[in-house]
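J.: The following comprises the amino acid sequence and a computationally predicted model.
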Amino acid sequence: MLAARALCSLLAVAMLAASAVDQTVTPEPDAPVRLDPVTVVAPPPAATSSEVLIPGRDLELLPPGRPAEALRLIPGFIINQHQGGGKAEQYLLRGFDADHGTDVALFVDSLPVNLRSHAHGQGYADLHFLIPETIRLVEAQKGPYYVEHGDFATAGAVNFVTLDVVDENVVQAAGGSFNTQRYLTLLSPTRDAVKTLLAIEQYHSDGPFEHPNGYDRTNVFAKATLTPGEAMRLSLSAAFYDATWHGSGEIPVRAVRAGLISRFGAIDPSEGGKTQRINLNADWRWQPGTEERARVQVWASYYRLSLFNDFTLFLSDPVHGDMINQRDERVLAGVNTEYERRVGLAGIEWTATGGAQYRVDSARVVLATATQRHETGRTQDVRILEQSWSPYLKLEASPVDAVRVSAGARGDVFNYDVRSRVNAGGPELDNNVTRARPNAKAGLALGPWANTEFFASFGTGFHSNDARAVVSDPGMTALPTARGYEFGVRTRVLPRVELSATYWVLDLASELVFVGDDGTTEPRGPSHRQGWEVATRVRLLDWLTFTGDVTTTHAELDSGGAVPLAPRVTARADLTARLPFGLSTSVTMRHLGDRYADESRHQTARGYTLVDASARYRWRWLEAFVSVENVFDVDWREAQLFFTSRLPGEPAGGVPDIHFTPGAPRSVLGGLAVRF
């Protein structure tokens, strides 16, 4: 269908050009006739039925100022915040409680967000440096089927593609519940040969808590895009992010039920932290002809975090409490290269893509005890140098009409070098270890027949384990295997209706997970996950669109126990109206079902159903907007964990309990934007 539309567009342009030539003086026979070049852009064919491309336009009606909200548009993707807004979200997808990113790979313009061997957890991915209004496209690819993605891409990978330029400059101010304020400026000083973009954001919110979050965030993003040569494109970008906050922590259910605190209260209100990240990204692309394409990307980041948490309250220290301080400061950098070429072989046109990726993280990671944010002792202080080399090759072909096949292979070599300065009572950490693994990918697409395509995919992937865990026992698995299968269908057989259905299976091998909260390692056995995803988009009227999705998942350890906190049922529905006189409005429902909080299935993390609404109205150069979250003021729990803690007066061994961060009550945020 897209190819037909593109062909029609080209024919129409050619006819108009011919008509214009006929109405002018006939040129001399030898005089060349020059026409302006015509560029037709269309999305590439889907590789799987679960693949999602979300244009920036679909993000306009999300609550302003929270970049991770865009992930909720991906079927089955759940995010939870559980400390003051400044900490990375908790990501849930395809039967994974991926913590802060262990099994979900996140990128911004192909620059990795996940941090290896992080102080607060493997794969920690804080997206708050991304300004939502700068997003042009969200590329979501689920499962380990894509050869371009390696570490952490087990449940899936998401890449946020930023704009090169804004059509109109924007100055915006917003305010609302809980002393939330946001100020935004988007400018494009040049839009022609050199395209430029400058975005500046200042955000503040106290949250609904009795002890205000005082969350302050500053973001600056600059990007320049130019064409240094024919068929070349060079993009240069830089980002600066700084944030501070207080948190009320995950509070025990028993404390609320006993009336010791309200659901918006805190046992230790001194939790919180501060963080900073600076990104530099250069992306060069060259397409000398229709048969080949080359790309080189060089990126670097500076990052630091100081995080204060008090999970177990008074379990270890009945007098001063169990606050810990996790500090992480690092420089990370990488190079991505890729070359693609079309070749003919045995009468079939093949597309061969070869690439290589290199990444290095040089980090200092500290775990300390603290009281009221003052360090009282240092448990661990290590230097980590972690490097990886990853070559890959992919072949794609269409041997007959309506059949597309692909196959790929990827190798990953990791080197872990850890040097310990302080290691109180833990295993030996001074060591250098190298580990490697291969991965294979394959895919089959059939169709379209009657606007319907069928897909089958297979792939192996992995997530790396923390360097400290690997070097403490070199015999343990460093790069555990994730093996996935997927079968699905996408159809447009009904007018104005897009529908996809996917069945998937994912097996995860035995692994070792580093628990940064106490500086120890925790072994986990093999696990099995499977589920269904159904998603639809219906254009009810020219100005009215419905989108919805439902997912069901079964996640179980091979021992028979449940995978704690794995989502079981999720759903989302959205009704969006874009009226011709400048008004756009949306009503959204999102649902997360009850799920098991422990392996024995005795504890339940309570689910929720929420309704949000938003609207934007533009009149000439002025735009007004408002969003209402939790319209029906539901009492709900956002992040939930089951572990043992101790309140004053309780037994020395503590009490196992559900601990949760309360979801926000009804809240309103509105503002004005000037466009020029």
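T.: Arrived safely, thanks for sending. Residues are numbered from 1 along each chain as shown.

J.: okay, now residue 443: neighbour count?
T.: Here the number of neighbours of residue 443 (other CB atoms under 10 Å) works out to 22. Bear in mind the C-beta positions are built from the backbone N, C-alpha and C, glycine included.

J.: ditto for residue 237
T.: Residue 237: 22 neighbours (other CB under 10 Å).

J.: wait, it sits on residue 298?
T.: No: Residue 237 lies out of contact with residue 298 (CB atoms under 8 Å); the separation is 11.7 Å.

J.: Return the set of buried residues in the strand or helix carrying residue 417.
T.: Assessed by DSSP states H and E, residue 417 sits inside strand 403-423. Across strand 403-423, burial judged by 16 or more other CB atoms under 10 Å covers 404-408, 410, 412, 414-418, 420, 423.

J.: Just checking: what are the partner strands of the strand or helix carrying residue 222?
T.: According to DSSP H and E, residue 222 maps onto strand 215-226. Strand pairing for strand 215-226, determined by DSSP bridges: strand 195-205 (antiparallel), strand 232-247 (antiparallel).

J.: all strands of the stretch 501-650 of the chain, in order?
T.: 511-515, 520-524, 527-541, 544-557, 569-578, 583-592, 595-596, 604-605, 608-619, 622-629, 637-645 (DSSP state E, counting those that start in this stretch).

J.: could you dump those to TSV with distance to residue 116 and mean pLDDT?
T.: Formatted as TSV, those follow (distance: least, CB to CB, whole Å; pLDDT from 0 to 100):
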stretch	distance to residue 116	mean pLDDT
strand 511-515	11	54
strand 520-524	16	62
strand 527-541	22	97
strand 544-557	25	97
strand 569-578	28	98
strand 583-592	29	97
strand 595-596	28	96
strand 604-605	28	96
strand 608-619	33	97
strand 622-629	34	97
strand 637-645	23	93
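
J.: tell me the average confidence for the strand holding residue 417?
T.: Strand 403-423 carries an average pLDDT of 96.

J.: Over to stretch 237-252?
T.: 94.

J.: returning to that earlier point: tell me the strands beside the strand holding residue 417, with direction?
T.: Sheet pairing of strand 403-423 (DSSP bridges) gives strand 374-397 (antiparallel), strand 431-449 (antiparallel).

J.: if you go through the stretch 251-400 of the chain in chain order, where are the helices?
T.: 253-257 (DSSP state H, counting those that start in this stretch).

J.: any idea how far residue 236 is from residue 201?
T.: Per CB to CB, to the nearest Å, residue 236 is found 20 Å from residue 201.

J.: now residue 171, which residues is it bridged with?
T.: Bridge pairing for residue 171 - DSSP bridges - gives residue 185, residue 674.

J.: now swap in residue 105 and tell me
T.: residue 157.

J.: Now for it, how many residues are close by?
T.: When neighbours are defined as other CB under 10 Å, residue 105 has 27 of them.

J.: ok, now residue 365?
T.: Neighbours of residue 365 using other CB under 10 Å come to 25.

J.: Look up how far residue 292 lies from it.
T.: Separation of residue 365 from residue 292 (CB to CB): 43 Å.

J.: Ok, residue 379 next?
T.: 53 Å.

J.: Same question for residue 448.
T.: Applying CB to CB, the value for residue 448 to residue 292 is 27 Å.

J.: Does residue 70 touch residue 59 like I think?
T.: Yes: using CB under 8 Å, residue 70 is in contact with residue 59, at 5.4 Å.

J.: list residues touching both of the two?
T.: Here residue 70 and residue 59 have 132, 135, 138 as joint contacts, going by CB atoms under 8 Å, 6 or more residues apart in numbering.

J.: Restricting to C-alpha, output stretch 276-293 in PDB.
T.: C-alpha atoms of stretch 276-293 as PDB (Å, rounded to 0.1, in the frame of the first residue of the first chain):
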ATOM      1  CA  GLN A 276      23.700  14.800  36.400                       C
ATOM      2  CA  ARG A 277      24.400  13.600  32.800                       C
ATOM      3  CA  ILE A 278      26.100  15.200  29.800                       C
ATOM      4  CA  ASN A 279      25.800  13.500  26.400                       C
ATOM      5  CA  LEU A 280      27.700  14.200  23.100                       C
ATOM      6  CA  ASN A 281      26.600  12.500  19.900                       C
ATOM      7  CA  ALA A 282      27.900  12.600  16.300                       C
ATOM      8  CA  ASP A 283      26.100  10.600  13.600                       C
ATOM      9  CA  TRP A 284      27.400  10.500  10.000                       C
ATOM     10  CA  ARG A 285      25.400   8.800   7.200                       C
ATOM     11  CA  TRP A 286      26.300   8.400   3.600                       C
ATOM     12  CA  GLN A 287      24.300   6.900   0.800                       C
ATOM     13  CA  PRO A 288      26.400   7.200  -2.400                       C
ATOM     14  CA  GLY A 289      23.800   5.300  -4.400                       C
ATOM     15  CA  THR A 290      20.600   3.200  -4.200                       C
ATOM     16  CA  GLU A 291      22.700   0.100  -3.700                       C
ATOM     17  CA  GLU A 292      24.700   1.000  -0.600                       C
ATOM     18  CA  ARG A 293      24.600   2.900   2.700                       C
END
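
J.: what comes up buried for it?
T.: Those would be 276, 277, 278, 279, 281, 283, 284, 286, 293, for stretch 276-293 by 16+ other CB under 10 Å.

J.: Can you name the residues that contact residue 563?
T.: Going by CB under 8 Å, 6+ apart, residue 563 touches 95, 96, 97, 527, 529, 555, 556, 557, 596, 599.

J.: Looks like the last one contacts residue 558 (just checking).
T.: No: contact status for residue 599 versus residue 558: not in contact, 11.7 Å apart, counting by CB under 8 Å.

J.: between the two, which one's more packed in?
T.: Using other CB under 10 Å as the criterion, residue 599 and residue 558 rank with residue 599 on top: 16 against 13.

J.: Skip the chain neighbours and tell me the closest residue to that one.
T.: residue 561 (3.3 Å; CB to CB, 6 or more residues apart in numbering).

J.: can you pull the pLDDT of the one you found?
T.: At residue 561 the predicted local distance difference test score is 91.

J.: how near is it to residue 659?
T.: Residue 561 is 20 Å from residue 659, by CB to CB.

J.: More neighbours: which of those two?
T.: Shown here are residue 561 and residue 659; by other CB under 10 Å, residue 659 has more neighbours (25 against 15).

J.: State the distance from residue 141 to residue 104.
T.: 11 Å.

J.: Same question for residue 641.
T.: Taking CB to CB, one finds residue 641 at 18 Å from residue 104.

J.: With neighbour numbers in mind, choose between those two.
T.: When residue 641 and residue 104 are compared for neighbours, residue 104 comes out ahead with 28 against 18, by other CB under 10 Å.

J.: quick revisit: only C-alpha atoms, please: export the strand holding residue 417 in CSV.
T.: The C-alpha coordinates for strand 403-423 follow below in CSV (Å, rounded to 0.1, in the frame of the first residue of the first chain):
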residue,chain,number,x,y,z
VAL,A,403,8.0,-13.6,1.1
ARG,A,404,10.7,-11.9,3.0
VAL,A,405,13.4,-13.7,5.0
SER,A,406,16.2,-12.5,7.2
ALA,A,407,19.0,-14.1,9.2
GLY,A,408,21.7,-12.6,11.3
ALA,A,409,24.5,-13.4,13.7
ARG,A,410,26.1,-11.3,16.4
GLY,A,411,29.1,-11.8,18.7
ASP,A,412,29.7,-10.0,22.0
VAL,A,413,33.0,-9.9,23.9
PHE,A,414,33.0,-8.4,27.3
ASN,A,415,36.0,-7.5,29.4
TYR,A,416,35.5,-6.8,33.1
ASP,A,417,38.3,-5.1,35.2
VAL,A,418,37.5,-4.3,38.8
ARG,A,419,39.8,-2.8,41.4
SER,A,420,38.7,-2.5,45.0
ARG,A,421,39.5,0.3,47.4
VAL,A,422,37.1,-0.7,50.1
ASN,A,423,35.3,-4.0,50.3
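
J.: so how far is that strand off the chain centroid?
T.: 20 Å (CA atoms, centre = their mean, to the nearest Å).
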